[in-house]
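[1] following is a predicted model, sequence given first.
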Protein chains: 2
Amino acid sequence: MHPLAQDQAHLAGAIRLAQTHSRAGHGGPFGAVIVADGKIIARGWNKVTSANDPTAHAEVTAIRAACRKLKTFQLRDCVLYSSCEPCPMCLAACYWARLDRLVYAASRADAAAIGFDDDFLYREIPLPPARRRLRAAQSLRDEAREVMRAWFADPDRVPY
Amino acid sequence: MHPLAQDQAHLAGAIRLAQTHSRAGHGGPFGAVIVADGKIIARGWNKVTSANDPTAHAEVTAIRAACRKLKTFQLRDCVLYSSCEPCPMCLAACYWARLDRLVYAASRADAAAIGFDDDFLYREIPLPPARRRLRAAQSLRDEAREVMRAWFADPDRVPY
């Protein structure tokens, strides 16, 4: 199959997951598929309200499932197909998972149009902490840094 | 106890979790505590490498645990104490969880100094998708929007 046709086939699969699971009342209308070497490794859909987990977005759920299946914490050479542009949480999760590529269908503006905060969050995250809507304070920096330095100095540490 | 002293006591608890669990080889040197009405509801620590879950940062782990315990997907009136400034994934998770406030110890620069991508991610997320390090493409937008519109039109949907 042509690469673009293959991308669209997997993306259509992610959209079908969004449809099936949002109709079933599992959560928001979002689905995701993770593919390696043209094969589907894991599927995910939004389970925020049914699993009582605000981090259970489709992309995060798919990443967790793929890592569980491959017994790894990195998904190099994997592609994530998502029915909607990932929110900043899910986008950062894609980086932490070291995904190779991302393909999405709807955009953050489409999510905003049905009441989601994705677009708002893209504006909040880059702000200095003091200017964000979420109140924040900092303290005990040196104590935490000492723990971090000790970990970094440990030759047995597992980087990620 | 004075509010500031209480904040520091909980933050010190988060730093102790970071120390204990990173020494035990569970993951990176990060810990978090979630508090409501002055009481600790949940604890979290980084489990990325031991649980094979790139999303298992201390803050995400604590949010999941608190929601599981309270049987809710929103943590209004809760405060998150983290041994380090949350990365964009964890910061967005704080917003999705509707946390009231955030207190942290080390900063994103301290995380960068021991090899973590937090600071890099804060620079990537605000970029237009085409300018980011992670390759991305968009397709089938209308098909996904139709599924999203159907969910939005459903009077039984659970917003979050």
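    Structure received.
[2] all the helices of chain A, residue numbers only.
    Assigned by DSSP state H, chain A shows helices spanning A:3-23, A:48-51, A:58-70, A:88-96, A:108-113, A:118-124, A:141-152.
[3] turn those helices into JSON lines, columns for mean pLDDT.
    Formatted as JSON lines, those follow (pLDDT from 0 to 100):
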{"stretch": "helix A:3-23", "mean pLDDT": "96"}
{"stretch": "helix A:48-51", "mean pLDDT": "98"}
{"stretch": "helix A:58-70", "mean pLDDT": "98"}
{"stretch": "helix A:88-96", "mean pLDDT": "98"}
{"stretch": "helix A:108-113", "mean pLDDT": "96"}
{"stretch": "helix A:118-124", "mean pLDDT": "96"}
{"stretch": "helix A:141-152", "mean pLDDT": "98"}
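[4] adding mean neighbour count and distance to chain B, write those helices out as CSV.
    All C-beta spots, glycine's among them, are computed from the backbone N, C-alpha and C. Shown next, in CSV, are the helices of chain A (neighbours: other CB atoms under 10 Å in any protein chain shown; distance: least, CB to the nearest CB, whole Å):
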stretch, mean neighbour count, distance to chain B
helix A:3-23, 19, 5
helix A:48-51, 20, 4
helix A:58-70, 24, 5
helix A:88-96, 27, 4
helix A:108-113, 17, 5
helix A:118-124, 18, 5
helix A:141-152, 18, 3
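[5] quick check, central residue of chain A?
    A:Cys90 (2.4 Å; CA atoms, centre = their mean).
[6] what about it, distance to B:Ala105?
    According to CB to CB, to the nearest Å, A:Cys90 stands 26 Å off from B:Ala105.
[7] swap in A:Asn46?
    32 Å.
[8] again, but for A:Leu99
    Remark: distance between A:Leu99 and B:Ala105 (CB to CB) = 30 Å.
[9] on that earlier part again, pretty sure the residue nearest to the centre of chain A is touching A:Ala62, no?
    No - judged on CB atoms under 8 Å, A:Cys90 makes no contact with A:Ala62 at a distance of 9.4 Å.
[10] what's the end-to-end length of stretch A:42-60?
    End-to-end distance for stretch A:42-60: 11 Å, by CA to CA, to the nearest Å.
[11] with stretch A:17-28 instead?
    Start-to-end, stretch A:17-28 (CA to CA) is 11 Å.
[12] do stretch A:104-123 as well
    Termini of stretch A:104-123 sit 20 Å apart (CA to CA).
[13] can you list contacts of that stretch?
    With contact meaning CB atoms under 8 Å, 6 or more residues apart in numbering or on different chains, stretch A:104-123 is reached by A:11, A:14-15, A:28-29, A:81-89, B:92, B:95-96, B:125-126, B:136-141, B:143-145, B:148-149, B:151-152, B:159.
[14] residue contacts, the closest residue to A:Asp100 other than its chain neighbours?
    Leaving out its chain neighbours, the residue that sits closest to A:Asp100 by CB to CB, 6 or more residues apart in numbering or on different chains is A:Asp77, at 5.3 Å. Residues near A:Asp77 by CB under 8 Å, 6+ apart: A:Ala36, A:Asp37, A:Asp100.
[15] need those in CSV with distance to A:Cys67 and pLDDT, can you?
    Shown next, in CSV, are the contacts of A:Asp77 (distance: CB to CB, whole Å; pLDDT from 0 to 100):
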residue, distance to A:Cys67, pLDDT
A:Ala36, 12, 97
A:Asp37, 17, 95
A:Asp100, 15, 98
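[16] show the contacting residues for A:Arg43.
    A:Gly13, A:Leu17, A:Gly31, A:Ala32, A:Val33, A:Ile34, A:Ala62, A:Ala65.
[17] and the residue lying closest to the third one once chain neighbours are set aside, how far from A:Asp77?
    Nearest residue to A:Gly31 in three dimensions, chain neighbours excluded: A:Leu17, at 2.9 Å (CB to CB, 6+ apart). Distance of A:Leu17 to A:Asp77, computed by CB to CB: 22 Å.
[18] can you check A:Arg68 too?
    As defined by CB to CB, A:Arg68 lies at a distance of 17 Å from A:Asp77.
[19] hmm, back to that, ok, A:Leu99 and B:Ala105, which is more surrounded?
    Just comparing A:Leu99 and B:Ala105: by other CB atoms under 10 Å in any protein chain shown the higher neighbour count belongs to B:Ala105, 28 against 23.
[20] tell me the pLDDT at the more buried one?
    pLDDT for B:Ala105: 98.
[21] contact partners for the closest residue to it other than its chain neighbours?
    Spatial nearest neighbour of B:Ala105, excluding adjacent residues (CB to CB, 6+ apart): A:Ala144 at 3.5 Å. Residues near A:Ala144 by CB under 8 Å, 6+ apart: B:Ile15, B:Ala18, B:Ser83, B:Cys84, B:Ala105, B:Ala106, B:Asp110.
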